[in-house]
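Asker: Okay, sequence plus prediction incoming.
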Amino acid sequence: MLRQDSQEAPLFGEDFDPVDKRKSKINSGFIGCMVAIILLLSCDFWTVKNVSGRLLVGLRWWNQVDEKGTSHWVFESKKRAHSEDATSSADSRIFWLGLIVCPVFWMFFVFSIVFSLKIKWLAVVIMGLVLQWANLYGYVRCKVGGKSNLRKLAKSYLSVQIFKQVMKEPETS
């Protein structure tokens with residue numbers, strides 16, 4: 001004789017704990033969010049690298065592999081006409097501001113993930129940081145010239161700024 005109201009033998013479908021169901025939904029939500037964010041980051045990287053930079057500031061960069069299998073990075077800068085209008089200057093400022101601010105946000109996200117101990121999001125945040133820094137590095141190399149050494153350029157800029165500060169006449173009250 002079967003007893004359906006017995007608490008010892010749960011009926012079909014009643015053997016799952018509702019807490020377990022919520023955990024699995026949270027995990028599948030995390031995976032979905034992670035995939036969506038990585039796809040959007042990839043689209044953003046591609047758009048900035050291949051469209052925005054070329055149209056707004058006349059710069060582009062890419063990697064090509066020769067017949068020997070050697071990887072070569074190419075950095076190009078389009079020569080701008082002297083009659084730049086105000087919109088292209090504004091577009092350029094917006095482009096560079098976004099290119100510099102985005103990695104700063106991703107660095108903030110890295111620190112907040114580490115300090116909040118939500119380590120499962122670290123892969124997504126590092127992916128965003130790497131893609132943003134790659135675009136920033138590529139466009140800075142295009143702007144200053146692909147063959148120039150960025151470290152040497154930074155040192156010369158700093159030395160010029162220090163020299164200007166030293167040569168500045170002190171103000172008298």
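Answerer: Happy to help now that I have it.
Asker: For the rest of this, base every contact and every neighbour count on C-alpha atoms.
Answerer: OK.
Asker: For the chain, which residues score under the pLDDT cut-off?
Answerer: Where the chain drops to pLDDT under 70, the residues are 1-28, 80-87, 146-157, 169-173.
Asker: Just the strands from it, written as ranges.
Answerer: Residue ranges of the strands in the chain, as given by DSSP state E, are 59-65, 71-77.
Asker: partners of the first one, with directions?
Answerer: In this case it means strand 59-65. strand 71-77 (antiparallel) (DSSP bridges).
Asker: show me where this protein has helices.
Answerer: Along the chain, the segments classed as helices by DSSP state H run 18-47, 86-116, 122-144, 150-167.
Asker: Adding mean neighbour count and distance to residue 69, write those out as TSV.
Answerer: Shown next, in TSV, are those (neighbours: other C-alpha atoms under 10 Å; distance: least, C-alpha to C-alpha, whole Å):
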stretch	mean neighbour count	distance to residue 69
helix 18-47	13	24
helix 86-116	14	31
helix 122-144	19	21
helix 150-167	11	26
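Asker: Residue 74: which of those is closest?
Answerer: Taking C-alpha to C-alpha, helix 122-144 is the member of those nearest to residue 74, at 8.6 Å.
Asker: Kindly calculate the angle that that closest one makes with helix 86-116.
Answerer: Interaxial angle, helix 122-144 versus helix 86-116 (axes from the mean of the first three to the mean of the last three C-alpha atoms, to 10 degrees): 150 degrees.
Asker: what's in contact with helix 122-144?
Answerer: Helix 122-144 is contacted from outside by 34, 37-38, 41-42, 45, 48-49, 53, 59-61, 75-77, 99-100, 102-103, 106-107, 109-110, 113-114, 148, 150, using C-alpha atoms under 8 Å, 6 or more residues apart in numbering.
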